[in-house]
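Asks: Take a look and give me a structure for this.
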Amino acid sequence: MRKSLTFRIFLAHFFILALPLYLATCVFFQHFYLRALKSARLDLTEMVQYKSLAFDALESISTQALYDTVYLLGNSMEQIKQQVSELNATGGMTTLSVLQLPITFEGNYTFLNEQLYGMKEFIGGGGVEQVLMKGTAKFIRYVTPASLREPILLFFVGQLIEKQNNAIGVLLASANIQQSTNKLLSQGDPEYVSLALLNQNSVVLASTNPAFEGQYFESIPLDIKERLQASGSLGNLTLAEHHIKQDPTGDKGFYDFVFQNRKFLAYRSHNPDLGFSLVAFIPKDALFMLAIRQFLWIYIAYFIVLVTGILLAYFISRWISKPLQELSYVMGQAHEGNLQARFRSQTLGYEFNKLGYLFNKTLETLLHNIKQAEEERLKKETYLREVEFGREVQKNLLSIRVPKNDTFELASIYLQAKDVGGDFYCAEQLESGKIWLAVGDAAGKGISSCLYSLAVRSLMRSYSRLYEDIEETLHLTNRCFLEQTADTGMFVTTLVGIFDPQTYFLTYYSCGHVPGIVKHKDGSITILEHSGMALGLLETDVFHADKIKLSKDDVVIFYTKGLVEAVNEKNQYFSHRRVKELLQQRKWMSAQEIVNGLNLEYQQFIADLQQEDEVVVLAFKIL
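Replies: As a prediction, this is how the structure comes out:
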């Protein structure tokens, strides 16, 4: 059973299909947890911002009601009492109250107008003290009406009443937010997110999680805790013994805390000017369960795929084993030397029938290749002879010598590439004493490129001797070359120049070739930019050459694209920029030093990497 094909295919499918499940278990779970954490942060932020809008609306109403009565503050306390009573009689969401100063006993204030929910005195708990200190303040607290047993939650906006720079009372605008708070704390919240309303002392006055009511998130001195508890501002809540410590996460508004041995992630929107803040929080183990839930869905999907794949693998392996056995038998026969054995198609063999067909064709090809082996040997010998012929043609292209002369120095170099190409150069002195210079490169590789290069170079040499004019020479060369190669698509790029030793002018023209360079005696560089069309593309008589004035000790450098397009092991080009920088930085004086120096830099650049293109460099110095 272990060695059977069915079992091995079944086992291979098992591991292949189980691998994604294993990767999801080991790697992807962390991704699910981080995604759940990010989603929870958005939920917390959106909840706090949404709930804050409703509380902000209540605060705006109370504040506006207080500001509408600020004009009373210049009156006497009796006038304020009367006018506040009249304003309260008009109805509305906000109740105005006046607290009489001085304090009857420490922390207690007497209501001057009608009682607030039946209360004759207002026991301080931080809110009124803030009004006395700042002149105005906002706060929330519980108040227990005389007619009710249960406290209610009120929002207050207070303004200090002064007369002759002496505080004589406090004007309060209050709004009952008990029902609004209950509604907001239970309206459409995600089940795993809790919300808490904190007063100015960071004490939780109301929460969707009752266990948090009476807890506080900042340290409170013992005397203030006692006053808060005694004032009734906390309602029926009892302050916890210790505050909940916050651990900031690094993101503004977010922090972690531990409560009842559970870790929570919280977001707090705190505005000291409002006198209260909202906190939304979520147990981190709930986030973990969310990640587990997401992971389980993928786990179940993978499990279904795994089981389905295993079953399919088992039946398919039994199905395909028969044609595979037939193919194995035929391959064994071929291995033993019976090349006449052939695979026979099997019912429902499908791909194995195709594989058998290909194997049959392979055997036939093998027999055919044995027959053609001798023919291939002959073809190889023919190719080697062609390559040798190409080398001879190339040698002829680069064999021109210029007579020695005291007025100029000429140096050149040819660097062979992997294949035979069509690079060439030409340098000779015309009858008038002018110097003809040219480098070129035929498109493509092989014998044909060599022959085309030989033809172009021969045409240019002939016409240059007749006319000693670049424009006429190139016009006639292009026309003659195009007549012979119009249907082949062959073209040749070339850069030619004629130097007149009488005027020291160099006339030059580029037929789609890389630009030449002039290195002046002072070390400056001039690029011989010219954008002409390659020879052999189109028939034209428009050849307008450019001129440049040279001086003694100036050097003209022509080269083919193989130099600047050479690449090293890092796939970097030798480039025109590098050639220019080398000519400026190196102290190469003679033409031969320039050629030798460029060759050395080129060899160091390419190291042992064989190049696709040949390199020709021609240097001409005026003495």
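Asks: Need the per-residue pLDDT for A443.
Replies: A443 carries a pLDDT value of 88.
Asks: 307 is where my numbering starts, stick with that
Replies: All right, first residue 307 from here; so that's A749.
Asks: If you drop the residues flanking it in sequence, what lies closest to it?
Replies: Leaving out its chain neighbours, the residue that sits closest to A749 by C-beta to C-beta, 6 or more residues apart in numbering is F797, at 5.3 Å. Backbone N, C-alpha and C define where each C-beta goes, glycine included.
Asks: Just give the number of residues close to the one you found.
Replies: Neighbours of F797 under the rule other C-beta atoms under 10 Å: 23.
Asks: Do me a favour and get the backbone dihedrals for it.
Replies: Backbone geometry at F797, expressed as degrees, to the nearest 10, gives phi -140, psi 160.
Asks: CA atoms of stretch 474-491 as CSV?
Replies: What follows is stretch 474-491, C-alpha atoms only, in CSV (Å, rounded to 0.1, in the frame of the first residue of the first chain):
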residue,chain,number,x,y,z
ILE,A,474,-22.6,87.7,46.7
GLY,A,475,-24.1,84.7,44.9
VAL,A,476,-24.0,82.2,42.0
LEU,A,477,-26.4,82.0,39.1
LEU,A,478,-27.0,78.4,37.9
ALA,A,479,-28.6,77.1,34.8
SER,A,480,-29.4,73.4,35.1
ALA,A,481,-30.8,70.7,32.9
ASN,A,482,-32.1,67.3,33.8
ILE,A,483,-30.0,64.9,31.7
GLN,A,484,-31.0,61.7,33.5
GLN,A,485,-33.3,60.3,30.8
SER,A,486,-31.1,61.6,28.0
THR,A,487,-28.1,59.9,29.7
ASN,A,488,-30.0,56.6,30.1
LYS,A,489,-31.1,56.7,26.5
LEU,A,490,-27.6,57.6,25.1
LEU,A,491,-25.9,54.9,27.1
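Asks: buried stuff in that stretch?
Replies: 474-484, 486-487, 490-491 (16 or more other C-beta atoms under 10 Å).
Asks: related to what we said a few turns ago, which residues sit in contact with the residue nearest to A749?
Replies: Residues near F797 by C-beta atoms under 8 Å, 6 or more residues apart in numbering: A748, A749, G818, A840, L841, G842, L843.
Asks: T487: what secondary structure?
Replies: Assigned with DSSP: H, G, I helix; E, B strand; the rest coil, T487 falls in the helix class.
Asks: my guess is it contacts L503, does it?
Replies: Yes - with contact defined as C-beta atoms under 8 Å, T487 counts as touching L503 (6.1 Å).
Asks: Mutual contacts of those two, please.
Replies: A512.
Asks: count of neighbours near F563?
Replies: F563, neighbours per other C-beta under 10 Å, totals 18.
Asks: now the one 4 residues further on
Replies: For N567, the tally of surrounding residues (other C-beta under 10 Å) stands at 5.
Asks: same question, A717
Replies: Counted with other C-beta under 10 Å, residues neighbouring A717 total 19.
Asks: Report the beta-bridge partners for it.
Replies: When bridges are called by DSSP bridges, A717 pairs up with A925.
Asks: quick one: it and L924, what's the gap?
Replies: Distance, A717 to L924, by C-beta to C-beta, to the nearest Å: 8 Å.
Asks: same thing with A792?
Replies: Using C-beta to C-beta, A792 is found at 30 Å from L924.
Asks: Compare neighbour counts for the two and give me the winner.
Replies: A count of neighbours by other C-beta under 10 Å puts L924 above the other of A792 and L924, at 25 against 13.
Asks: Pretty sure V901 sits against F926.
Replies: No - using C-beta under 8 Å, V901 is not in contact with F926, being 10.6 Å away.
Asks: Could you check which of the two has the larger neighbour count?
Replies: A direct count of neighbours by other C-beta under 10 Å for V901 and F926 places F926 higher, at 26 against 20.
Asks: Which element, helix or strand, includes the closest residue in space to the more buried one that isn't next to it in sequence?
Replies: Among residues not flanking F926 along the chain, V862 sits closest, at 4.5 Å (C-beta to C-beta, 6+ apart). In this assignment (DSSP states H and E), V862 forms part of strand 861-865.
Asks: Run through the bridge partners of the residue nearest to F926.
Replies: Beta bridges link V862 to V824, F926, judged by DSSP bridges.
Asks: What separation do you get for L844 and L788?
Replies: Computed as C-beta to C-beta, the L844 to L788 distance reads 8 Å.
Asks: Looking at those two, which is more packed in?
Replies: Using other C-beta under 10 Å as the criterion, L844 and L788 rank with L788 on top: 17 against 11.
Asks: isn't the more buried one right up against E845?
Replies: Yes - in this structure, L788 is within contact of E845 by C-beta under 8 Å, at 5.4 Å.
Asks: so where's the stretch 657-806 of the chain shaky on pLDDT?
Replies: Filtered on pLDDT under 70, the stretch 657-806 of the chain yields the residue ranges 657, 689-690, 692-693, 696-697, 699-710.
Asks: got the residue ranges for the helices in this structure?
Replies: All helices of the chain, identified by DSSP state H, fall at 311-329, 335-373, 383-395, 433-440, 484-490, 528-537, 590-641, 657-703, 753-773, 776-791, 867-870, 882-891, 897-912.
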